[in-house]
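Engineer: got a predicted structure plus its sequence, pasted below:
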Amino acid sequence: NQLTGAIPETFGSCVTLSTLALDNNQLTGAIPESLGNLTALAYLGLHNNRLTGTVPESFRNLTALLFLGVGGNPLVGTIPEFLGNLTMLTFLGLSYSQLTGTIPESLGSLTALTTLALSNGYLSGTIPESLGNLTALTSLRLNNNQLTGTVPESFARLSQLNLLDLQNNNLSDSVLT
């Protein structure tokens, strides 16, 4: 598609909506706070648009979400702590954004998560030990950020992991044993 313009605030009135897939368009402007009214939403795909601003605070209400993909947009700010409360999530994609700051410890509460994509941004600090709680993870992409420190020892518990991409960070050469 080639949808353009802003996401209408009125989408937030579609309270029975379970899927909102607007990926790969030319959408602009901020992500509407009203989308936080869509409490039945299981899939929210906004990847690869031109959406600006931050991840809306209202997303804390989307407790039924299984899939949250907002990567590929020039979003700013930090990764919200409240995302760790969306415990039904199996996919969290925030790659290819301009998000800064650290990876919240709270993401370690997302024990149903199979994919965590936080690559190609401006994330800094150490990788939280709590990510070792994500034992259902099959894919973890933290590459192309500014992460420091070592790979957490807790990663030894990630027995389902098929893909671990940590390249192009400032991690020390200590490796799991």
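Structural biologist: Looks like it arrived, so ask away. What you are looking at is a predicted structure, and each value in this text was computed from that prediction instead of being measured.
Engineer: what's residue 93 sitting at in phi/psi?
Structural biologist: phi -120, psi 110 (degrees, to the nearest 10).
Engineer: you'd agree it is up against residue 75?
Structural biologist: No - Residue 93 lies out of contact with residue 75 (CB atoms under 8 Å); the separation is 11.5 Å. No exception for glycine: its C-beta is placed from N, CA and C like everyone else's.
Engineer: the strands in the protein, which residues?
Structural biologist: 4-5, 19-21, 26-30, 43-45, 50-52, 67-69, 91-93, 100-101, 115-117, 122-126, 139-141, 146-149, 163-165, 170-171 (DSSP state E).
Engineer: can you redo the ones you listed as CSV with distance to residue 157?
Structural biologist: Converted to CSV, the strands of the chain look like this (distance: least, CB to CB, whole Å):
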stretch, distance to residue 157
strand 4-5, 45
strand 19-21, 32
strand 26-30, 38
strand 43-45, 28
strand 50-52, 35
strand 67-69, 24
strand 91-93, 19
strand 100-101, 25
strand 115-117, 14
strand 122-126, 17
strand 139-141, 12
strand 146-149, 18
strand 163-165, 13
strand 170-171, 19
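Engineer: so where's the chain uncertain?
Structural biologist: The model of the chain has pLDDT under 70 over residues 173-177.
Engineer: bridged to the closest residue to residue 163 other than its chain neighbours, which residues?
Structural biologist: Spatial nearest neighbour of residue 163, chain neighbours left out: residue 139 (4.4 Å); criterion: CB to CB, 6 or more residues apart in numbering. Residue 139 has these beta-bridge partners by DSSP bridges: residue 115, residue 163.
Engineer: for residue 139, list the residues it contacts.
Structural biologist: Contact partners of residue 139, counting by CB atoms under 8 Å, 6 or more residues apart in numbering, are 114-117, 161-163.
Engineer: okay, now residue 10: neighbour count?
Structural biologist: Look at residue 10: counted by other CB atoms under 10 Å, it has 9 neighbours.
Engineer: between the strands of the chain, which one is closest to residue 36.
Structural biologist: strand 43-45 (10.4 Å; CB to CB).
Engineer: list the neighbouring strands of the closest one plus their orientation.
Structural biologist: strand 19-21 (parallel), strand 67-69 (parallel).
Engineer: show residues contacting that strand.
Structural biologist: 18-23, 35, 38, 62, 65-70.
Engineer: do you know how far the closest residue to residue 65 other than its chain neighbours is from residue 92?
Structural biologist: Leaving aside its chain neighbours, residue 65 sits nearest to residue 86 (5.4 Å; criterion: CB to CB, 6+ apart). Applying CB to CB, to the nearest Å, the value for residue 86 to residue 92 is 8 Å.
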